[in-house]
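Peer 1: Sequence and predicted structure, then a few things I'm wondering about:
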Amino acid sequence: MQHPIILKALVRASGENIHILQWVIPIVKGGDIQNIVDTRLKGEFSINSAWKVVEIAMSCISQNLAERPDISQILAELKECLWLEMVQRNNGSMRATDEFVSIATVSESTILAR
């Protein structure tokens, strides 16, 4: 399974390390998340799913802890993103594929076991 969002090495040309949020937040605010999506996907992803993943991630870094989602909310929203990707890959078919069911089940049991 490919992951649409990657954590790139954050070392500027000057050799200065920067925090990932210093790199990501301006890109997200500028509306161009193409620069944070894994280039190995070669543009073959739903931009709506990518935005949803970014929104989920941004909600997890809220300064106000009460505004941060719990793991079950995060999992449900990530499953929705995965579902959107699978529908797109199946030419709009809304049927659940064996691959989706397998991924969703493994993901939930793995996360809840931690």
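Peer 2: Great, that's in hand.
Peer 1: can I get the CA coordinates of the biggest helix by length in the chain in CSV?
Peer 2: Secondary structure of the chain read by DSSP state H shows that its longest helix is helix 71-89. Backbone C-alpha positions of helix 71-89 (Å, rounded to 0.1, in the frame of the first residue of the first chain) are rendered in CSV as follows:
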residue,chain,number,x,y,z
ILE,A,71,-7.9,7.9,17.6
SER,A,72,-11.3,6.4,16.7
GLN,A,73,-12.3,9.7,14.9
ILE,A,74,-9.0,9.7,13.1
LEU,A,75,-9.4,6.1,12.1
ALA,A,76,-12.9,6.6,10.8
GLU,A,77,-11.9,9.6,8.7
LEU,A,78,-8.9,7.9,7.3
LYS,A,79,-11.1,4.9,6.3
GLU,A,80,-13.3,7.4,4.5
CYS,A,81,-10.3,8.7,2.6
LEU,A,82,-9.3,5.1,1.7
TRP,A,83,-12.9,4.4,0.6
LEU,A,84,-12.8,7.5,-1.7
GLU,A,85,-9.5,6.3,-3.2
MET,A,86,-10.9,2.8,-3.8
VAL,A,87,-14.0,4.1,-5.4
GLN,A,88,-12.0,6.3,-7.7
ARG,A,89,-9.8,3.3,-8.7
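Peer 1: by contact count, what packs against it?
Peer 2: Judged by 3 or more CB pairs under 8 Å, 6 or more residues apart in numbering; DSSP states H and E, the packing partners of helix 71-89 are helix 47-59, helix 98-113. Every residue, glycine included, has its C-beta placed from N, CA and C.
Peer 1: looking at the ones you listed, which has the lowest confidence?
Peer 2: Among these, helix 98-113 carries the lowest mean pLDDT, at a mean of 54.
Peer 1: Any idea which helix or strand in the chain has the lowest mean pLDDT?
Peer 2: Among the helices and strands of the chain, helix 98-113 carries the lowest confidence by mean pLDDT, DSSP states H and E, at a mean of 54.
Peer 1: just to revisit the earlier point, the inter-axis angle of the longest helix of the chain versus helix 47-59?
Peer 2: Compare the direction of helix 71-89 with that of helix 47-59 by axes from the mean of the first three to the mean of the last three CA atoms, to 10 degrees and you get 170 degrees.
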